[in-house]
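Visitor: Pasting the sequence and the predicted coordinates here, then a few questions.
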Amino acid sequence: MVITSIDLLGPQRPSDVIELTGMTSGGVTKVLDRLESSGLIVREYGRVQGDRRGTRLLLTAEGHRIAGELAAGLEDRMDAL
């Protein structure tokens, strides 16, 4: 869900992911850590306008590729229904 939302909506803040998923901040941090260590997202610090401490989440090229695969898989399942 995180990869897909960043792919569709563009750079997100961790608070956006919390709102989208309903997860706790600690849970989201763990998910983001795993995605970052897998090379699917990068965190940019200090790049949020009006908030020098703000963090933005961006997809890497591999993250975009995975998002495309997820979307294609969902499309196939919807066609099957």
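Guide: It's in. Just so we're clear, the structure is a prediction, and the values are computed from it rather than from any experiment. Numbering: from 1, shown residues only.
Visitor: all helices for this protein, in order.
Guide: 2-9, 14-21, 25-37, 61-80 (DSSP state H).
Visitor: Apart from its neighbours in sequence, what residue is nearest Tyr45?
Guide: Excluding the flanking residues, the one nearest Tyr45 by C-beta to C-beta, 6 or more residues apart in numbering is Thr55, at 5.6 Å. Bear in mind the C-beta positions are built from the backbone N, C-alpha and C, glycine included.
Visitor: Give me the distance between the one you found and Ala80.
Guide: Remark: distance between Thr55 and Ala80 (C-beta to C-beta, to the nearest Å) = 38 Å.
Visitor: which of the two has more neighbours?
Guide: Per other C-beta atoms under 10 Å, whichever of Thr55 and Ala80 has more neighbours is Thr55, with 17 against 6.
Visitor: Would you agree that one is in contact with Glu44?
Guide: Yes - look at Thr55 against Glu44 with C-beta atoms under 8 Å: they come within range, at 6.8 Å.
Visitor: any idea how far Asp7 lies from Arg34?
Guide: 17 Å.
Visitor: which parts of the worst-scoring helix or strand of the chain on mean pLDDT are buried?
Guide: Here the helix or strand of the chain ranked lowest by mean pLDDT, DSSP states H and E is helix 61-80, holding a mean of 84. Within helix 61-80, the residues scored as buried using 16 or more other C-beta atoms under 10 Å are 63, 66-67.
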